[in-house]
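Novice: This is a predicted model, with the sequence first.
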Amino acid sequence: MEKQGTQEAAGTVRVDVWIWSVRLAKTRSTAAAACKAGHVRINGDRAKPAQPVKPGDEVRIRQEGRERIVKVTRLIRKRVGAPVAVECYTDHSPPPPPREAVAPAGIRDRGTGRPTKRDRREMDRLRGQRG
């Protein structure tokens with residue numbers, strides 16, 4: 001028998017609640033904001049925060065420059081510990097790029113002071129941020 005609140009009786013849960021419950025987002029409001037911004041897709045379609053998810057659905061979430069692809073295996077509506085949360089989905093995401101592939105932050109000589117606007121733009125360009 002499961003704890004009360006971990007299994008949803010109706011068979012569906014709001015996508016923003018589920019994303020927050022399985023710890024793919026730190027807060028429910030950030031999960032809802034990701035849905036509103038179009039960063040969440042359910043079975044290929046853009047999802048609104050109140051859209052229901054059910055077991056078997058594929059949820060794609062874009063966060064921090066990478067896409068997470070998870071398949072819903074169990075519905076929960078309350079936030080649970082990480083070991084329990086991992087059991088509620090199967091992760092089909094591609095592995096993150098190795099740390100060496102990510103451009104290092106600009107290293108400045110000690111005592112050169114604060115970077116100028118031109119320096120900051122050049123550092124952003126080297127990191128691949130902004131045009």
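Specialist: Alright, I've got the coordinates. Numbers count the residues shown, from 1 in each chain.
Novice: Strands of this protein, start to end?
Specialist: For the chain, the strands defined by DSSP state E occupy 13-14, 40-42, 45-46, 52-53, 58-63, 66-72, 89-91.
Novice: Flag the shaky bits of this protein, pLDDT-wise.
Specialist: Within the chain, the segments meeting pLDDT under 70 span 1-10, 99-106, 129-131.
Novice: 90 instead, please
Specialist: Within the chain, the stretches with pLDDT under 90 are 1-12, 63-66, 77, 94-116, 119-131.
Novice: who's sitting farthest from the centroid in it?
Specialist: In the chain, counting by C-alpha atoms, centre = their mean, residue 111 sits farthest out from the average C-alpha position, at 38.2 Å.
Novice: So that one versus residue 25, what's the distance?
Specialist: For residue 111, the distance to residue 25 (C-beta to C-beta, to the nearest Å) stands at 41 Å. Yep, even glycine has a C-beta here, placed from its N, CA and C like the rest.
Novice: Got the domain ranges for this structure?
Specialist: Structural domains annotated on the chain: 13-91, 97-131, as defined by automatic domain parsing.
Novice: deepest of the ones you listed, which one?
Specialist: Across the domains of the chain, averaging neighbours per residue (mean count of other C-beta atoms under 10 Å) puts domain 13-91 on top, at a mean of 17.
Novice: Tell me the gap between that domain and the middle of its chain.
Specialist: Here domain 13-91 shows a centroid-to-chain-centroid distance of 8 Å under the convention C-alpha atoms, centre = their mean, to the nearest Å.
Novice: got the end-to-end distance for that domain?
Specialist: One end of domain 13-91 sits 19 Å from the other (C-alpha to C-alpha, to the nearest Å).
Novice: cool, stretch 17-31 as well?
Specialist: Stretch 17-31 has an end-to-end distance of 8 Å (criterion: C-alpha to C-alpha).
Novice: quick one, what contacts residue 56?
Specialist: In this structure, residue 56 makes contact with 71, 72, judged by C-beta atoms under 8 Å, 6 or more residues apart in numbering.
Novice: and if you look at residue 96?
Specialist: By C-beta under 8 Å, 6+ apart, the neighbours of residue 96 are residue 66.
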